[in-house]
Structures are given as C-alpha cells and as structure tokens.
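S.K.: Pasted the sequence and its predicted model underneath.
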Amino acid sequence: HIEVWNGPWTPCTKNPGGVALFYQWLDRGYRMVATCGTDTHRLAGEGQRFGFNVIKAKDNTLSALLDGLRTGESYITSGPLLAARASGSGQSVTFGDCLPEGEITATCVLHDSDLADDLTLSLIHCGTVIASAPCASGMELTDTFSTSSGDWITWEIRDRAGQLHMITNAIRFGREEAWR
C-alpha cells in the first residue's frame, strides 16, 4: 500500500509525488494499492479538499472494509463518485483486479450530480492519458485498446489547474503471478 494523498491536496506539495511513485511502482510490476489519510482534527480551510477512501465491500463490517482496501477495490476522491470496469477475454473486473492481456474495453460512469465545471475525467494507460472528457453527472467514458502483460489502467479526475480530485486503484493486465 502507498498513501498518495495526505491531508488536503493543496498545499501539501508531497501529494503529487505520491501519485507519481504509485505509477512508477505499477510500471515496475508491483501490485500497489493507493490509499489516502490525514491526521488533521480541524475543518478544511478555504479551497482545501481532503481525500477519502471509497471501498467496494461485501458489507459494512470492519472485516469486509479491510478486505476491500487490502485488495485495492477502492478509489480516492474528494467528492466525485463513480463506477468503473474493464472487460476482455470474456471477463469483467473493477479496480484492484487483474485481466488477461489483449483487447480491452474500459468504462467509467460518474454518479455525482454536484461536479465543478472545470473537471476532466481521464483514462490512464501505463501513465499516459488515452481518453478524456469534461465531467458531467451520469457521463460515461469508454475506450477500447490493446494491452500487454504488465500493463495497467487507472482513472483520474483533475481540474484545469491539474489538481487531483479522484484517482482509482489500478486494473492490471497479464497473469496474476506476473505481478509482485
């Protein structure tokens, strides 16, 4: 696990480095899970946004929540809510999972109805944006592309200034055993 978002996104200058390190370790074949945290005990200041872990869990028990976090079936957000899937080889998975390499269709749907005007949803394939669109409630971003063993994808939402508002954990490609 790597904490990529600590405290408010700004003014913490270390947060972008955490995201970059997360992507570097994925590139090197590590099965990484991005998380966020804070030890603040005060309200956010003007313009500050804190990240929260959104966890896909079987139920609302501590054990199920920790399992979802451990496997990476989670994403980090300061507000935008979504659902994301990748399909290929007759299978469909969400973040934290692994698919065989090959032709993949990836889809992300935004569920949030209160989105800022300047947000963009991007699909990231091995560190490169391969699809993006301005955010809107209920929007769907879908792309089809080829993957190789060791590839990965995530989704991000950023504002015009490049500040992160949401990042998913990776969907990995290739055999599970190929990932450390």
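M.R.: Yes, it's here.

S.K.: what bridges to residue 110?
M.R.: Judged by DSSP bridges, the bridge partners of residue 110 are residue 82.

S.K.: start at 793 instead
M.R.: Renumbered: residue one is now 793, and that last one reads residue 902.

S.K.: list the contacts for it?
M.R.: By CB atoms under 8 Å, 6 or more residues apart in numbering, the residues touching residue 902 are 872-874, 913, 927-932. The C-beta positions use only the backbone N, C-alpha and C, and glycine is treated the same way.

S.K.: Quick check on the residues you listed: which are buried?
M.R.: 872, 874, 913, 927, 931 (16 or more other CB atoms under 10 Å).

S.K.: My understanding was that the fourth one contacts residue 906; is that so?
M.R.: Which is residue 927. No: contact criterion CB atoms under 8 Å: residue 927 and residue 906 do not qualify, at 10.9 Å.

S.K.: counting contacts, what elements does the helix with the most length in the chain pack onto?
M.R.: Using DSSP state H, we find that the single longest helix of the chain is helix 807-819. On a contact count with 3 or more CB pairs under 8 Å, 6 or more residues apart in numbering; DSSP states H and E, helix 807-819 meets strand 794-798, strand 826-829, strand 956-960.
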